[in-house]
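S.K.: Using only what follows, build the 3D model:
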Amino acid sequence: MQEHVDDSGSDLPQTPYEKARDTVKGLWRGFFGEPRPRVAVLRLTGVISPGGGRFQRTLNIAGLAPLIEQAFSTSGLAAVALVINSPGGSPVQSALIAQRIRAMAVEKNVPVIAFAEDVAASGGYMLALAGDEIFAHEASIVGSIGVISSGFGLKAVIERFGIERRLYTAGERKAMLDTFSETKEEDVARLKDIQAAIHENFKAMVRDRRGARLKGARAQIFSGDVFTGAEAVKLGLIDGIGDVRSLMRTRFGKRVRFRVIGERKPRLGALFGLGSSSREAPAPADWAGGLLAAIEERLFWNRFGL
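M.R.: Have a look, this model is predicted:
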């Protein structure tokens, strides 16, 4: 049986399949030259949330898992490019998405390069940490390595309209930070403890992924502040200024091919429940909940002037 030497230098018998594969590759190169390298482009745009809605465009592991698999299954894959435009959201969903990308990168032995567009902040920056390298525009908003919780206090509102609040719980902390009740100092203290724990997890992830590349004072980097792309380079939060097309052509040559991975955008009618196979109209509660979710999503972007 014919012997051949593999990439590691050890002698292994060549199987019939390997012989046929090498023959086909040789014929291909003879007729067409070396195959063109391919870069899978995975766009991560939107607020990060465990669930979406009629009025939202959200990112979560359930929706992205098949797209991540698709990206890393691209034939002739040279690299996966993450193009990120996200103000953040759920820290758990952010971490799960980043972990899945890293797991696939290790399994397929493929480099991952992250690119920030308008904003890669908070959970959006956590997504960027899935990249072996991170690039951005000079004016991109990057960072916000912190934790935020927000809500409304409506106790005075219901009192003004003579509405009686009836709340029954089993467990003294079950109604912690209830929107229609007075704020309690012990509830705020407990929330801050939870935020501090999540913040520590975020900081550990940054240290693990960026390591010695971090150049700025840790107090500044982990303050929750945001930085322009130019500032982020100096702090070591990103590796340089660049866009996906230019950098990939520099790395892999002008013959590089791009495969954009992503879901088809829903038609306008589908957003409003038109053209559905169901004749049932959306319930008023669904419309109200969707509109409130859309407003909350808009507030995420507004924090960064977008």
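
S.K.: for the stretch 51-200 of the chain, what spans make up the strands?
M.R.: Along the stretch 51-200 of the chain, counting by DSSP state E, counting those that start in this stretch, strands occupy 58-59, 77-86, 112-121, 133-136, 141-143.

S.K.: Any idea which of those gets closest to Arg160?
M.R.: Comparison of these against Arg160 by CB to CB identifies strand 58-59 as nearest, at 34.2 Å. Heads up, the C-betas are built off the backbone N, CA and C, glycines and all.

S.K.: which neighbours does the closest one have in its sheet, and in what orientation?
M.R.: strand 47-48 (parallel) (DSSP bridges).

S.K.: does Thr179 really touch Val157, like I thought?
M.R.: No. Thr179 is beyond contact range of Val157, at 9.7 Å (criterion: CB atoms under 8 Å).

S.K.: can you give me the helices in the chain?
M.R.: 16-32, 61-72, 91-108, 123-128, 155-160, 185-210, 218-221, 229-235, 244-252, 268-271, 284-302 (DSSP state H).

S.K.: would you list those in TSV and tack on distance to Glu172, mean neighbour count and mean pLDDT?
M.R.: Listed next are the helices of the chain as TSV, based on distance: least, CB to CB, whole Å; neighbours: other CB atoms under 10 Å; pLDDT from 0 to 100:
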stretch	distance to Glu172	mean neighbour count	mean pLDDT
helix 16-32	66	10	63
helix 61-72	34	17	95
helix 91-108	26	18	96
helix 123-128	32	28	96
helix 155-160	19	12	76
helix 185-210	10	14	91
helix 218-221	36	13	93
helix 229-235	43	19	96
helix 244-252	52	16	95
helix 268-271	43	11	44
helix 284-302	29	14	56
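
S.K.: With distance to Val142 as extra columns, can I get the ones you listed in CSV?
M.R.: Output for the helices of the chain, formatted as CSV (distance: least, CB to CB, whole Å):
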stretch, distance to Val142
helix 16-32, 41
helix 61-72, 21
helix 91-108, 15
helix 123-128, 6
helix 155-160, 38
helix 185-210, 12
helix 218-221, 11
helix 229-235, 4
helix 244-252, 16
helix 268-271, 30
helix 284-302, 15
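
S.K.: for these, which one sits closest to Ala78?
M.R.: Closest of these to Ala78 is helix 244-252, at 5.2 Å (criterion: CB to CB).

S.K.: what's next to that closest one, contact-wise?
M.R.: 37, 39, 41, 78-79, 81, 83, 113, 115, 135, 256, 258 (CB atoms under 8 Å, 6 or more residues apart in numbering).

S.K.: out of the helices of the chain, which comes closest to Arg166?
M.R.: Short answer: helix 155-160, nearest of the helices of the chain by CB to CB, at 11.0 Å.

S.K.: I'd like the C-alpha coordinates of the closest one written as PDB, please.
M.R.: Below are the C-alpha coordinates for helix 155-160, written out as PDB (Å, rounded to 0.1, in the frame of the first residue of the first chain):
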ATOM      1  CA  LYS A 155     -46.600  54.500  43.100                       C
ATOM      2  CA  ALA A 156     -47.600  58.200  42.900                       C
ATOM      3  CA  VAL A 157     -49.400  57.700  39.500                       C
ATOM      4  CA  ILE A 158     -51.800  55.000  40.800                       C
ATOM      5  CA  GLU A 159     -52.400  57.100  44.000                       C
ATOM      6  CA  ARG A 160     -53.300  60.100  41.800                       C
END
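
S.K.: quick one: that helix to chain centroid distance?
M.R.: How far helix 155-160 lies from its chain's middle: 39 Å, per CA atoms, centre = their mean, to the nearest Å.
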